[in-house]
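A.B. asks: Based on what follows, work out the 3D shape:
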Amino acid sequence: MTAPAPVTGTSTAVAWRRDLHTHPEVGFLEFRTASRVAGTLADLGWDVVTGRAAMVAAQRLGVPAQPELDEAFARAVGAGADDRFVGGMEGGHTAVVATLHGPRPGRAIGLRADMDALPILETAGPFHRPAREGFASVWPGAMHACGHDGHVGMAIELAQRLTADPPAGSVTIFFQPAEEGGRGARAMVPTGLADRIDLFVALHLGLSLPTGTFTPAIDGLLANSKLRAVFHGRSAHASLAPQDGRNALLGAASATLALAGLTRVAGHDTRVSVGRISGGTSSNIVPDFAEVLLETRADDGAVNADLETRARSMLHGAAQMHGLGVEVELIGTVTTARADAAAHDAVAAAGRAAGLRAVVPAADSGVASDDATALMRRVQERGGTATYAGLGSDLAGPHHTATFDLDEAALPLGVELMERLIRG
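C.D. replies: I've put the predicted structure just below:
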């Protein structure tokens with residue numbers, strides 16, 4: 001395997017970011033990304049755990065269908081995946097946990113770097129820097145539109161620095177698959193690899209923070225449930241025998257309208273969203289199949305659980321109203337977590353030492369979710385401290401859109417912040 005080489009004037013973090021931006025892989029399909037990360041860390045001398053040893057397969061949610069897994073695996077192998085590790089990741093076991101043990105006793109620090117991209121077709125306009133400078137996605141329909149490519153790039157450059165001058169204690173980097181949808185961290189928690197961490201930090205780029213700033217803690221992350229509902233009806237000729245059909249798409253549409261009117265909860269920040277509805281084959285055939293992808297969010301786990309329960313009732317009610325069958329599957333889930341004061345203070349001190357300006361969390365950060373909260377809670381339950389921090393990066397387009405692009409000047413700042421945190 002050949003690691004991305006920095007081009008003139010760029011850092012390792014930028015080189016990795018651009019390589020991964022060119023080759024985006026969505027959740028549980030990060031075969032190229034994860035295997036190259038594992039190979040690079042192994043070559044640096046870190047202890048590397050991958051595949052089924054780094055995640056519990058049965059705890060994964062929303063795993064792609066086998067044909068999609070096979071296609072993505074073959075594509076990754078043909079695009080430079082590290083053959084020392086990629087075989088053990090087949091089937092969607094793409095977690096990587098790497099640890100460096102220092103020469104002296106000290107804190108055990110854990111960092112999260114998520115690896116997955118999003119199912120978005122990246123813009124090709126000349127105003128879009130990745131397209132203009134030749135590192136836009138070469139795999140249509142997938143795009144790094146949230147900054148995870150930058151997270152991995154920063155983690156790799158940090159690992160190089162720490163290898164050259166090992167700190168006291170230990171550093172563990174959790175390279176997490178499938179953050180989008182809240183699916184990857186929950187599968188890594190039961191391995192116990194986070195159980196002895198004293199301080200855990202998940203650092204995220206962007207979040208409406210300008211380059212040169214950071215926030216030591218964002219406590220507004222929402223609990224989240226993602227559902228897939230599949231409606232089953234009966235096909236019929238739409239003109240000759242419409243009475244014989246059972247319209248699955250009509251049931252899905254009725255459910256979508258009902259969900260849009262789901263009563264919110266006073267005193268809580270809540271969200272309900274249907275992101276996709278599909279079904280049917282032709283205008284003259286009563287659709288016998290339809291699918292709805294939706295999510296609920298709330299600032300409290302119990303409130304979100306109630307929203308999910310009521311959403312399920314609406315889905316089943318719509319099916320009954322139209323004489324349909326329906327299957328409802330949980331395909332992702334995220335909990336809430338709050339930062340510990342000690343973790344907040346440690347990140348605050350490191351950020352200031354790195355020359356960054358501390359700011360209060362972005363006003364809109366509370367509408368987002370991140371399953372790093374599962375790792376945070378695990379560390380906290382075992383006596384450690386944790387925080388979810390934001391690193392400023394001016395964005396060319398919003399998160400989760402086709403025009404997203406981050407300010408690469410933020411990457412070396414993030415590496416510096418994390419190194420100062422570790423060296424304390």
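
A.B. asks: Would you map out the domains in the protein?
C.D. replies: Using automatic domain parsing, the domain parsing of the chain gives 12-221+337-423, 223-333.

A.B. asks: ok, longest helix in the protein?
C.D. replies: helix 301-321 (DSSP state H).

A.B. asks: For that helix, the averaged confidence score.
C.D. replies: For helix 301-321, the mean per-residue pLDDT is 96.

A.B. asks: Stretch 175-184 too?
C.D. replies: The average pLDDT within stretch 175-184 is 95.

A.B. asks: Stretch 369-382 now?
C.D. replies: pLDDT averaged over stretch 369-382 gives 96.

A.B. asks: Residue ranges in the chain under the pLDDT threshold?
C.D. replies: For the chain, the stretches with pLDDT under 70 are 1-9, 361-367.

A.B. asks: Do a quick rundown of the helices in it.
C.D. replies: Under the criterion DSSP H, the chain contains helices at 12-22, 31-43, 66-78, 129-132, 148-164, 185-188, 248-260, 301-321, 341-353, 372-381, 410-423.

A.B. asks: do you know which of the ones you listed lies nearest residue 103?
C.D. replies: For those, distance to residue 103 was read as CB to CB. The smallest value, 11.8 Å, belongs to helix 148-164. C-beta coordinates here come from the backbone N, C-alpha and C atoms, glycine included.

A.B. asks: and the angle for the closest one with helix 12-22?
C.D. replies: Using axes from the mean of the first three to the mean of the last three CA atoms, to 10 degrees, the inter-axis angle of helix 148-164 relative to helix 12-22 is 150 degrees.

A.B. asks: If we go by neighbour counts, what in helix 148-164 is buried?
C.D. replies: For helix 148-164, the neighbour count (16 or more other CB atoms under 10 Å) marks 148-162 as buried.

A.B. asks: for stretch 34-42, same thing?
C.D. replies: Across stretch 34-42, burial judged by 16+ other CB under 10 Å covers 34-42.

A.B. asks: From those residues, pick the one nearest residue 73.
C.D. replies: residue 35 (10.2 Å).

A.B. asks: That closest one reaches residue 82, doesn't it?
C.D. replies: Yes. When contacts are counted by CB atoms under 8 Å, residue 35 is listed as touching residue 82 (4.0 Å).

A.B. asks: re earlier: need the helices of the chain in JSON lines with distance to residue 216, can you?
C.D. replies: Shown next, in JSON lines, are those (distance: least, CB to CB, whole Å):
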{"stretch": "helix 12-22", "distance to residue 216": "21"}
{"stretch": "helix 31-43", "distance to residue 216": "26"}
{"stretch": "helix 66-78", "distance to residue 216": "36"}
{"stretch": "helix 129-132", "distance to residue 216": "29"}
{"stretch": "helix 148-164", "distance to residue 216": "17"}
{"stretch": "helix 185-188", "distance to residue 216": "21"}
{"stretch": "helix 248-260", "distance to residue 216": "36"}
{"stretch": "helix 301-321", "distance to residue 216": "23"}
{"stretch": "helix 341-353", "distance to residue 216": "4"}
{"stretch": "helix 372-381", "distance to residue 216": "14"}
{"stretch": "helix 410-423", "distance to residue 216": "10"}
